[in-house]
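J.: Sharing a model that was predicted from the sequence below.
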Amino acid sequence: MSTTTTIDAVRGMRDVLPGDLATQQAVSARLEGTLAAYGYQPIELPIIEQRDLYGRKLGEELVGKVYEWNFNGRDLALRPEWTASVLRAYVGRMQGLPLPLRLRYAGPVFRNERPQRGTYRQFTQVGVELIGGPAPRADAECLALACAGLDAVGVASYRVRVGHIGLVRQVLRRLGLAERTPGILAWSLERMRERGVAAVRERLDAATSPLLFDAALLDGMSDAQAEALLLGSLGAIGVNLEFGTRAPEAIVGRLVRKLRRADPQAQVERALALLERLCAIQGAPAEAFPQAAALLREYDLPETLLDELRAIVETAAAHDLPAERIVLDFGLGRGLHYYTGLIFEIYDNDGLQLCGGGRYDDLVMALGGRQATPAVGFAYGLERVVAAAQFVPPPRAPEVLVAASDDASYA
């Protein structure tokens with residue numbers, strides 16, 4: 001009896017056998033054909049990238065899922081999504097091309113996350129990036145195109161959840177918060193929805209309180225006096241500031257400036273209260289827009305903050321995107337920190353996410369681009385689309401088998 005053990009596929013990975021692969025390839029071809037019909041050109045990029053590409057704008061949720069390693073002194077990673085890679089290629093090789101530039105892709109990505117229904121650690125993304133296209137037209141085009149692809153493969157019913165992270169950040173900036181606070185709060189929307197206000201308050205405290213000093217202790221002091229107090233206090237408790245290239249005085253001076261800019265607690269609580277109510281607004285545009293407008297008026301904020309999102313929804317209607325498919329969700333956050341405006345996700349009736357995307361106007365510059373460039377895009381999770389699609393591959397061509405009847409005729 002053999003004692004050799006079998007070797008299974010790595011957890012979270014899967015084998016796609018011939019019958020399933022034929023369906024997956026047919027769905028992918030139909031999706032790619034739809035993207036091509038809208039004028040998107042194909043691009044192929046490496047699976048392995050520099051680790052730093054994903055450390056700049058992905059955000060803590062996805063950065064923690066990146067497969068990374070050091071090889072011959074270089075920090076490398078398997079791509080966890082396509083957008084950063086496409087923008088790297090654009091910055092390095094395509095900045096001289098006319099805009100807007102429409103690119104499409106299809107290929108594997110890798111994320112070290114818990115396997116569950118329709119989720120694998122290696123999966124396939126099919127998607128587009130529209131570089132150089134401003135809102136609202138480019139946003140509406142991507143919304144309509146994402147839906148057109150699902151229609152083409154027979155996804156019978158789905159809902160498009162639409163949010164706007166730029167709107168949230170603008171609202172928070174107008175509340176008089178310190179420079180970093182609006183960004184921290186804006187990227188805590190999902191945390192607020194899942195864990196409540198207390199979890200967001202805890203995160204904000206951790207991010208904005210580098211040391212256990214209350215800024216109120218510095219009231220009435222000059223910067224020089226405050227720096228002397230902190231320097232002496234830290235020395236008295238044995239904190240060593242003699243490290244790195246900066247002098248202790250410079251470190252303490254920077255700390256004083258941070259404490260001076262700290263948000264009064266009343267401002268923070270006001271922002272949290274607004275954000276909690278904003279996150280609760282979701283529904284059809286005809287219902288959600290009036291609720292959001294009323295909330296802005298209550299906080300003495302201009303309703304014009306909603307103008308871009310209204311324009312995107314109205315322009316999407318011009319693309320024949322049915323209004324009943326759209327659900328506005330002012331608490332939609334997604335996990336990627338490079339988004340600056342529209343964000344959206346598409347779900348089937350069973351709650352399975354099929355597609356997601358949004359606008360990322362700052363990413364070109366963050367990756368070394370010569371100038372600010374608007375951009376928007378989205379990606380399907382191919383395996384999930386296959387699971388939701390009512391799609392039957394076309395019949396194979398008739399097969400003919402020619403076989404040798406004996407050894408003499410084999411040649």
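T.: It's in.
J.: Buried residues in stretch 343-361, which are they?
T.: Buried residues in stretch 343-361, defined by neighbour count with 16 or more other Cβ atoms under 10 Å: 343-348, 352, 354-361. (C-beta placed from N, C-alpha, C; glycine too.)
J.: how is this structure carved up into domains?
T.: By the assignment in the TED database, the chain contains the domains 18-157+349-388, 210-260.
J.: which of these sits most buried?
T.: Of those, the one with the most neighbours on average (mean count of other Cβ atoms under 10 Å) is domain 18-157+349-388, at a mean of 18.
J.: now that one: how far from the chain's centre is it?
T.: 10 Å (Cα atoms, centre = their mean, to the nearest Å).
J.: What number of residues are in the vicinity of residue 284?
T.: 13 (other Cβ atoms under 10 Å).
J.: Looking at the helix or strand hosting residue 194 now, give me its mean pLDDT.
T.: Applying DSSP states H and E as the criterion places residue 194 in helix 189-195. The pLDDT scores in helix 189-195 average 80.
J.: ditto for stretch 395-411
T.: So the average pLDDT for stretch 395-411 ends up being 89.
J.: Endpoints of that stretch, how far apart?
T.: End-to-end distance for stretch 395-411, by Cα to Cα, to the nearest Å: 32 Å.
J.: can you check stretch 398-408 too?
T.: By Cα to Cα, one end of stretch 398-408 lies 28 Å from the other end.
J.: same deal with stretch 38-46?
T.: 25 Å.
J.: And for stretch 160-171?
T.: Span of stretch 160-171 from end to end, Cα to Cα: 23 Å.
J.: what do you get for stretch 105-114?
T.: 25 Å.
J.: Contacts for that stretch, please.
T.: With contact meaning Cβ atoms under 8 Å, 6 or more residues apart in numbering, stretch 105-114 is reached by 12, 28, 31-32, 42-45, 47, 62, 65-67, 78-82, 86, 119, 121-129, 382.
J.: what's the model's confidence in it, averaged?
T.: 94.
J.: got it, and stretch 278-293?
T.: Rounded mean pLDDT across stretch 278-293 is 95.
J.: now that stretch: how far from the chain's centre is it?
T.: That offset, for stretch 278-293, works out to 22 Å (Cα atoms, centre = their mean).
J.: Contact partners for residue 79?
T.: 45, 46, 47, 48, 49, 54, 85, 109, 110.
J.: Which secondary structure state does the fifth one sit in?
T.: Pointing back at residue 49 there. strand (DSSP: H, G, I helix; E, B strand; the rest coil).
J.: was I right about it contacting residue 77?
T.: Yes: contact criterion Cβ atoms under 8 Å: residue 49 and residue 77 qualify, at 5.7 Å.
J.: Quick one: list the elements packing against the longest helix along the chain.
T.: When every helix of the chain is counted residue by residue (DSSP state H), the longest turns out to be helix 18-37. Counting contacts by 3 or more Cβ pairs under 8 Å, 6 or more residues apart in numbering; DSSP states H and E, helix 18-37 packs against strand 101-110, strand 122-131, helix 137-152, helix 382-388.
J.: In JSON lines: the ones you listed, plus distance to residue 174.
T.: What follows is these, written out as JSON lines (distance: least, Cβ to Cβ, whole Å):
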{"stretch": "strand 101-110", "distance to residue 174": "34"}
{"stretch": "strand 122-131", "distance to residue 174": "29"}
{"stretch": "helix 137-152", "distance to residue 174": "23"}
{"stretch": "helix 382-388", "distance to residue 174": "38"}
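J.: ok so, going back, hmm, which of the contacts of residue 79 is lowest in pLDDT?
T.: pLDDT across the contacts of residue 79 is at its lowest for residue 54, which sits at 88.
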